[in-house]
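Peer 1: just a sequence and a predicted model for now, questions to come.
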Amino acid sequence: MEPQKYPEPGQPEGCLVTAVRLPVRIVVLVLVVPVRMVWDALVVGGRFLNDTVLRPVGRALLWLGRAVFVWPLVGLWRYVLVPAGQGLAWLGRVLVVIPARWLYRVVLTPVGHAVAWAVRATGTGIAWLLRGIWAGLAWLLRGVGAGLSWLYVYVLAPVGRAIAWVGRGLGFGLGALARGVSAVLVWLVRYLVVVPSLWLYRWVLTPVGHAVAWCAKGVWWVLTGIAKGVGFVLYWITRVLFVLPALGLWRYVLTPVGRFLAVVGREIGDALGHAWRVAGHISRAVGRFLATLLRWVFVEPVRWVYRTVLTPVGHFVRDAVWRPAAEAARGVGRATRQVLAAARDSARQARADFRRMLFGEPRETAQSDRRELSDGGARNLEKRATREISPHTRG
């Protein structure tokens with residue numbers, strides 16, 4: 001919420017602003033305080049609900065989702081799919097890759113080398129054959145070209161020169177005939193078409209065109225004058241019937257009403273902001289009062305009862321009942337264990353006496369420990385120790 005913007009000291013306020021501000025703020029404060037208190041109560045309830053219900057339920061659902069979806073999928077991937085993929089990869093390598101490599105190395109490579117050698121040999125033979133064919137064709141083409149050249153020089157060229165001489169003679173005669181015919185046609189077109197057309201354009205079409213243009217200019221001037229008069233009349237009718245009333249309505253009605261509504265709206269907005277802040281302080285004070293009342297009515301009596309009644313009673317029960325009962329239970333346990341141990345020993349001794357009565361005393365077998373030294377070794381050690389001690393003894 002932005003801080004309230006008060007007018008500067010040098011900027012005076014009108015009486016309308018001062019007359020509207022106080023009633024609007026009072027009405028808005030009365031209307032906003034219950035809304036703010038309900039809002040604060042909803043916020044506190046929502047936070048309590050979030051902390052006590054929604055967050056634990058969300059954590060439980062998250063753990064349940066992990067237990068139901070994530071952990072089975074992870075176990076399936078880790079303990080089923082990955083070993084199965086590794087097994088399939090090993091099986092594919094053993095059944096496909098290694099045999100294919102062996103087939104390529106032992107079979108396909110020698111066969112490919114043999115085929116390449118055969119292709120190279122065949123290609124060499126084909127190349128020689130193509131070279132021979134090309135040489136024969138070249139010789140044949142040279143012979144044909146020589147024949148065609150002789151035919152052109154000694155047959156076609158003289159015939160062409162004769163035909164050209166005859167054509168030049170015929171062309172000279174036909175050109176003279178064409179020039180005479182064209183002169184006649186030009187004279188006929190000039191005196192039968194061009195001269196009458198010029199006379200018609202100069203003495204008929206030009207005066208008629210000038211008359212039509214002058215009439216068109218007169219008609220255009222008349223129509224322009226009529227349009228200007230109609231436009232002037234429509235302009236003043238529109239101005240008198242629509243523009244001037246709309247301008248008066250805007251200037252003398254809508255502008256003052258808009259300014260008044262702007263002042264009222266600005267004051268209502270400022271009043272709402274001020275009332276919301278004041279309602280927040282009031283709601284906080286009411287909440288603190290209710291919290292203090294709840295603490296003195298419920299919490300403090302419960303705390304006093306717990307501290308002055310339940311704690312001493314609990315200590316008395318612990319010292320007078322639970323600890324002696326625990327000691328007695330431990331003593332009973334120890335006595336029970338001792339009785340059970342004595343019963344086990346008695347049973348073991350009875351079984352031994354029964355076995356001895358049936359089968360007699362067991363023979364004792366003297367088994368030498370392998371880690372002990374032999375008699376010779378012991379005597380040698382004793383002799384060595386005697387030899388080491390004897391000089392001191394003699395001394």
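Peer 2: Thanks, I have it.
Peer 1: could you find the closest non-adjacent residue to residue 284?
Peer 2: Leaving aside its sequence neighbours, residue 284 sits nearest to residue 40 (C-beta to C-beta, 6 or more residues apart in numbering; 7.7 Å). Just so you know, the C-beta spots here come from the backbone N, C-alpha and C atoms, and that holds for glycine as well.
Peer 1: in the host helix or strand of that neighbour, what's buried?
Peer 2: When secondary structure is defined by DSSP states H and E, residue 40 falls within helix 15-49. Neighbour-count burial for helix 15-49 flags 20-21, 24-25, 28-29, 32-33, 36-37, 40 (criterion: 16 or more other C-beta atoms under 10 Å).
Peer 1: run the chain-centre distance for stretch 40-49.
Peer 2: Going by C-alpha atoms, centre = their mean, to the nearest Å, the spacing between the C-alpha centre of stretch 40-49 and its chain's C-alpha centre is 35 Å.
Peer 1: contacts for that stretch next, please.
Peer 2: Taking contacts as C-beta atoms under 8 Å, 6 or more residues apart in numbering, the residues outside stretch 40-49 that touch it are 280, 283-284, 287.
Peer 1: helix or strand: which one has residue 277?
Peer 2: Under DSSP H and E, the secondary-structure element containing residue 277 is helix 255-294.
Peer 1: what's the following helix or strand after that helix?
Peer 2: The element immediately downstream of helix 255-294 (helix or strand, assigned by DSSP H and E) is helix 300-305.
Peer 1: give the next helix or strand downstream of that following helix.
Peer 2: With elements assigned by DSSP H and E, the helix or strand that comes after helix 300-305 is helix 311-317.
Peer 1: now that following helix, how far from the chain's geometric center?
Peer 2: When distances are taken as C-alpha atoms, centre = their mean, helix 311-317 is centred 63 Å away from the chain's centroid.
Peer 1: could you give the mean pLDDT of the next helix or strand after that helix?
Peer 2: Past helix 311-317, further along toward the C-terminus, the next helix or strand under DSSP H and E is helix 323-359. Mean pLDDT, computed over helix 323-359, is 86.
Peer 1: if we can go back for a sec, and the helix holding residue 277, what other elements does it pack with?
Peer 2: With contacts defined as 3 or more C-beta pairs under 8 Å, 6 or more residues apart in numbering; DSSP states H and E, helix 255-294 has these neighbours: helix 15-49.
Peer 1: return the distance of residue 263 relative to residue 360.
Peer 2: Between residue 263 and residue 360 the computed distance is 127 Å (C-beta to C-beta, to the nearest Å).
Peer 1: so residue 264 sits against residue 23, correct?
Peer 2: No. Under the criterion of C-beta atoms under 8 Å, residue 264 is not in contact with residue 23, lying 10.8 Å apart.
Peer 1: hmm, residue 275 and residue 25 touching each other?
Peer 2: Yes. At 6.6 Å, residue 25 counts as touching residue 275 under the criterion of C-beta under 8 Å.
Peer 1: can you map out the helices along the stretch 51-200 of the chain?
Peer 2: When secondary structure is read from DSSP state H, counting those that start in this stretch, the stretch 51-200 of the chain shows helices at 55-65, 71-76, 82-92, 98-103, 109-151, 157-189, 195-200.
Peer 1: which elements pack onto the fifth one?
Peer 2: With contacts taken as 3+ C-beta pairs under 8 Å, 6+ apart, helix 109-151 sits against no other helix or strand.
Peer 1: next, the angle from it to helix 157-189.
Peer 2: 70 degrees (axes from the mean of the first three to the mean of the last three C-alpha atoms, to 10 degrees).
Peer 1: just how off-centre is helix 109-151 within its chain?
Peer 2: Here the centre of helix 109-151 is set off from its chain's centre by 65 Å, with C-alpha atoms, centre = their mean.
Peer 1: ok, now the fourth one?
Peer 2: Relative to its parent chain, helix 98-103 has a centroid offset of 45 Å by C-alpha atoms, centre = their mean.
Peer 1: now that helix: average pLDDT?
Peer 2: Averaging pLDDT residue by residue across helix 98-103 gives 90.
Peer 1: may I have that helix as PDB, with CA atoms only?
Peer 2: C-alpha atoms of helix 98-103 as PDB (Å, rounded to 0.1, in the frame of the first residue of the first chain):
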ATOM      1  CA  ILE A  98      31.400 -61.400 -32.500                       C
ATOM      2  CA  PRO A  99      30.000 -63.700 -35.300                       C
ATOM      3  CA  ALA A 100      29.700 -60.700 -37.600                       C
ATOM      4  CA  ARG A 101      33.200 -59.600 -36.900                       C
ATOM      5  CA  TRP A 102      34.500 -63.200 -37.500                       C
ATOM      6  CA  LEU A 103      32.500 -63.400 -40.700                       C
END
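Peer 1: which residues sit against it?
Peer 2: Residues external to helix 98-103 that are found in contact with it (C-beta under 8 Å, 6+ apart): none.
Peer 1: tell me the one of the buried residues of helix 15-49 nearest residue 130?
Peer 2: Out of those, the one with the shortest distance to residue 130 is residue 40. That distance is 103.0 Å, counting by C-beta to C-beta.
Peer 1: and the helix holding residue 277, average pLDDT?
Peer 2: Average pLDDT, helix 255-294: 84.
Peer 1: that one: which residues count as buried?
Peer 2: Of all the residues in helix 255-294, those buried under the rule 16+ other C-beta under 10 Å are 263, 267-268, 270-276, 278-280, 282-283.
Peer 1: next one: that helix to chain centre, how far?
Peer 2: Counting by C-alpha atoms, centre = their mean, helix 255-294 comes out at 44 Å from the chain centroid.
Peer 1: tell me the angle that helix makes with helix 15-49.
Peer 2: Angular relation of helix 255-294 and helix 15-49 on a 0 to 180 degree scale: 40 degrees, by the same axes, to 10 degrees.
Peer 1: got any ranges where this protein has weak pLDDT?
Peer 2: Under the criterion of pLDDT under 70, the regions of the chain flagged as low confidence span 1-21, 169, 171, 173, 175-176, 362-395.
Peer 1: okay then, goodbye and thanks.
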